[in-house]
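>>> I would like the atomic coordinates for the input below:
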Amino acid sequence: MNQIFGCPGFDAGGEKVLTGIHGPFENMMMNITVYRMEKGKSVTFSPREEEMALLLIQGDVKYSWEGRSATARRGDFFTEGATCLHVCRDVPVTVTAGAESEILVQSTPNDKVFESILYTPDNCGEETFGQDQFEGKAQRTVRTFFDYHTAPYSNMVMGEILVPQGGWSSYPPHRHPQPEVYYYRFQKPQGFGACFIGDEVCRIKDGSFCAIPGGLTHPQVNAPGYPMYYVWMIRHFDGDPWTDRIFDPAHTWLLEEA
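The predicted structure follows:
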């Protein structure tokens, strides 16, 4: 594993650590871990002084927090909408699995106090881009749970992107100063693709991730026959939040021709 790309497995406890605020990927400034939970298992998450987002990737879970509870079910992350709980610091959340489930937990230090929000398909933004560009080769559906425009109190951004088979995403190539992490899943486990981070190219596999340093372009592509899903997560800088994409000047002509 290098400091741009990784493909860790789940440990004996069902945890897959992607990045941490300390360690090889500390420049991402986020703790990101994926959990595989067996039916009936409960886990309480309570990071002190960190805001936290808990996303159901697949399965059946019950969220419990601040005297409230909600259930979420998701059989297929391509065709079914998402559920994500976003809480501020010092708010413990218990997740109980009603079936074998996979959840992703993202957190980062934040001393602000804000109201917890449960994002569902009813209040999550979803847009499709690129359908009329490049013969449809860069079509993708973007779900945004929260970003600076909707949650200026947060130090993070979280969303999902769905890319049809043989397609491109994060295209035309763009960059931004803030670090970003992608966590990939494919409709079939043998799916694959590639991410181009600056001058490096890394093979994307089911369950892999990339940690994108600020300032580098990062277009993605997946193979024909293998639709791709990934969670995108950005860490704002203090006083310099992520608000937009900066397109590589060498490729801005693509926008003019589209």
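
>>> which residue packs closest to residue 187, ignoring adjacent ones?
residue 227 (4.6 Å; Cβ to Cβ, 6 or more residues apart in numbering). Placement of C-beta: from N, CA and C, glycine included.

>>> and residue 135, how far is that from residue 174?
According to Cβ to Cβ, to the nearest Å, residue 135 stands 20 Å off from residue 174.

>>> and those two? Which one has more around it.
Set side by side, residue 135 and residue 174 show more neighbours around residue 174, with 16 against 7, by other Cβ atoms under 10 Å.

>>> got phi/psi on that one?
In terms of degrees, to the nearest 10, the main-chain angles of residue 174 are phi -140, psi 170.

>>> and it, how far from residue 67?
Taken as Cβ to Cβ, the span from residue 174 to residue 67 is 42 Å.

>>> residue contacts, residue 246?
174-176 (Cβ atoms under 8 Å, 6 or more residues apart in numbering).

>>> now tabulate those residues in JSON lines and tack on distance to residue 101 and pLDDT.
Output for those, formatted as JSON lines (distance: Cβ to Cβ, whole Å; pLDDT from 0 to 100):
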{"residue": "174", "distance to residue 101": "33", "pLDDT": "96"}
{"residue": "175", "distance to residue 101": "34", "pLDDT": "97"}
{"residue": "176", "distance to residue 101": "32", "pLDDT": "97"}
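
>>> got CSV for these, with distance to residue 130 too?
Compiled in CSV, the contacts of residue 246 are given as follows (distance: Cβ to Cβ, whole Å):
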residue, distance to residue 130
174, 13
175, 18
176, 19
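
>>> return the closest of those with respect to residue 113.
residue 176 (27.3 Å; Cβ to Cβ).

>>> hang on, isn't residue 32 packed against residue 183?
Yes: counting by Cβ atoms under 8 Å, residue 32 does reach residue 183; the two are 7.3 Å apart.

>>> any residues in contact with both of these two?
With Cβ under 8 Å, 6+ apart as the test, residue 32 and residue 183 both reach 18, 104, 209, 233.

>>> which residues touch the strand or helix carrying the last one?
Here residue 233, judged by DSSP states H and E, is contained in strand 228-235. Contact partners of strand 228-235, identified using Cβ under 8 Å, 6+ apart, comprise 28-30, 32, 55, 57, 77-78, 104, 106, 108, 147, 155-163, 167, 169, 176, 178-187, 191, 193, 204, 220, 222, 242.

>>> what subset of the residues you listed is buried?
For the contacts of strand 228-235, a neighbour count by 16 or more other Cβ atoms under 10 Å gives the buried set as 28-30, 32, 55, 57, 77, 104, 106, 108, 147, 155-163, 167, 169, 176, 178-187, 191, 193, 204, 220, 222, 242.

>>> what backbone torsions are found at residue 182?
phi -110, psi 130.

>>> show me what contacts it?
195, 209-210, 212, 218, 220, 230-233.

>>> kindly recompute the last result at 10 Å.
5, 18, 161, 169-170, 195, 197, 204, 208-212, 218, 220, 230-233 (Cβ atoms under 10 Å, 6 or more residues apart in numbering).

>>> and the closest residue to residue 228 other than its chain neighbours, how far from residue 163?
Distances taken as Cβ to Cβ, 6+ apart put residue 222 closest to residue 228, at 3.9 Å, once the chain neighbours are dropped. Using Cβ to Cβ, one gets 6 Å for the distance from residue 222 to residue 163.

>>> which residues of the stretch 101-250 of the chain fall in helices?
According to DSSP state H, counting those that start in this stretch, the stretch 101-250 of the chain carries no segments that qualify as helices.

>>> so which residue is dead centre in this protein?
residue 231 (2.4 Å; Cα atoms, centre = their mean).

>>> what sits against the residue lying closest to it once chain neighbours are set aside?
What sits nearest to residue 231 in space, not counting adjacent residues and going by Cβ to Cβ, 6+ apart, is residue 183, at 4.5 Å. Residues near residue 183 by Cβ under 10 Å, 6+ apart: 16, 18-19, 32, 34, 55, 57, 104, 106, 160, 207-210, 229-233.
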